[in-house]
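In: Return a 3D structure for these sequence lines:
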Amino acid sequence: MTIEAPAAHPDVLDVRDALEQVKDLFELLSEESDSETLAWNLTAASTNSPLTVEAEAVSLRPDIEVRGLATRRISEARRLFDTSGTTWERSAINGWSPKRRRVAVRLLKRNRQSVGRTRVEFLNFDGGDLVITPSNATGYLRRLDDNTLSPDYLIGDRSRVEFGSLEGEFIEVGADRGHPAFRILERKSREPVWCRVREALMDEFSNSLSIDDIWKQKRVRVRGEIQFAANGKIKKVFATAISHVAPRRMSIGEITDKDFTGGQDILDYLDKLREGELG
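Out: The predicted structure is shown next:
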């Protein structure tokens, strides 16, 4: 498994996000009923970015061979990411436990926010590599959120607590029900979210932020305990760390494509574009 840094800051791979991505992947490759039988044994790990981890399926009981079980769990997980056909069978994950579905959602959301491309190579198993990008993770999430899935997945109350990170624009410092807090405009939902700071961390946060950050609505990444309301929206964050996110500056040379028009004259290309004649 190889985890790359996100495109927003390609030189920074947060170790906590990367390790949580590893943990969730191997949770996805097992079910709760496997806890006394199947384990994924760590065999190798890199010490730099991108993070690379290798593991193998092992039996926790000497009288049980787990290769068949591991193969089945890999096949089940891969069905969510199947792109070989034009239609995807929604029954593919109907047999998954609610916990396994939550793990998949967590992994995919992290792939859209705090880590970049995630590549999984299954050695000695058919089916090729699995590659999850911020782009295709959105499509996979739609599969999990589709209302045509089996009724046991349709949970009315979506309130929960997760430990992770989110990004947004710094807009306010104040108090949340009498507790020191700051507020950000969350990047995806574009909704304000209060981030409460525990008193033990007040000095650390005071040194990390400034009035200028508010006036210029600087972009920040907040890490901590994220509380979700019953409708699934972010309710509040109990922040444990905050860091500034520096937008990547791109040069004209990085986005210039000399072959963009396919050799056509620019004016001819624009005329065809307006007429809808381009494929």
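In: a strand runs through residue 226, doesn't it?
Out: Yes: using DSSP: H, G, I helix; E, B strand; the rest coil, the secondary structure at residue 226 is a strand.
In: Test my guess that it contacts residue 159.
Out: No: contact criterion Cβ atoms under 8 Å: residue 226 and residue 159 do not qualify, at 11.6 Å. Placement of C-beta: from N, CA and C, glycine included.
In: With neighbour numbers in mind, choose between those two.
Out: Taking neighbours as other Cβ atoms under 10 Å, residue 226 and residue 159 compare with residue 226 leading, 21 against 13.
In: Distance check, that one against residue 185.
Out: Distance, residue 226 to residue 185, using Cβ to Cβ, to the nearest Å: 16 Å.
In: Same check on residue 263?
Out: From residue 263 to residue 185 the distance is 44 Å (Cβ to Cβ).
In: hey, what's the closest residue to residue 16 other than its chain neighbours bridged with?
Out: Excluding its sequence neighbours, the residue lying closest to residue 16 (Cβ to Cβ, 6 or more residues apart in numbering) is residue 223, at 7.1 Å. Assessed by DSSP bridges, residue 223 has beta-bridge partners residue 165, residue 241.
In: Residue 223 - how many residues pack around it?
Out: 20.
In: same question, residue 119
Out: Here the number of neighbours of residue 119 (other Cβ under 10 Å) works out to 15.
In: who does the helix or strand containing it touch, helix- and strand-wise?
Out: Per DSSP states H and E, residue 119 falls inside strand 118-120. Packing contacts for strand 118-120, counted by 3 or more Cβ pairs under 8 Å, 6 or more residues apart in numbering; DSSP states H and E, involve strand 2-3, helix 15-28, strand 130-132.
In: what lines up beside that strand in the sheet?
Out: Looking at strand 118-120 with DSSP bridges, its partner strands are strand 2-3 (antiparallel), strand 130-132 (antiparallel).
In: Any stretches of the chain with poor pLDDT?
Out: Within the chain, the segments meeting pLDDT under 70 span 83-92, 127, 146-157, 247-250, 254, 275-279.
In: Might you report the residue contacts of the closest residue to residue 49 other than its chain neighbours?
Out: Ranked by Cβ to Cβ, 6+ apart and with sequence neighbours excluded, the top spatial neighbour of residue 49 is residue 13, at 4.3 Å. Residue 13 makes contacts with 3, 4, 5, 6, 49, 50, 51, 115, 116, as judged by Cβ atoms under 8 Å, 6 or more residues apart in numbering.
In: got a winner among those for most neighbours?
Out: Highest neighbour count within those, by other Cβ under 10 Å: residue 3, with 26 neighbours.
In: ok, now how distant is it from residue 23?
Out: The gap separating residue 3 from residue 23 is 11 Å, by Cβ to Cβ.
In: Could you do residue 215 as well?
Out: 39 Å.
In: These two: who's more crowded?
Out: Using other Cβ under 10 Å as the criterion, residue 215 and residue 23 rank with residue 23 on top: 13 against 9.
In: tell me the contacts of the more buried one?
Out: Contacts of residue 23 (Cβ under 8 Å, 6+ apart): none.
In: now with 10 Å?
Out: Residues near residue 23 by Cβ atoms under 10 Å, 6 or more residues apart in numbering: 103, 106, 107.
In: What count of nearby residues applies to the closest residue in space to residue 133 that isn't next to it in sequence?
Out: Distance criterion Cβ to Cβ, 6+ apart; nearest residue to residue 133, sequence neighbours excluded, is residue 117 at 5.1 Å. Neighbour count of residue 117, defined by other Cβ under 10 Å: 19.
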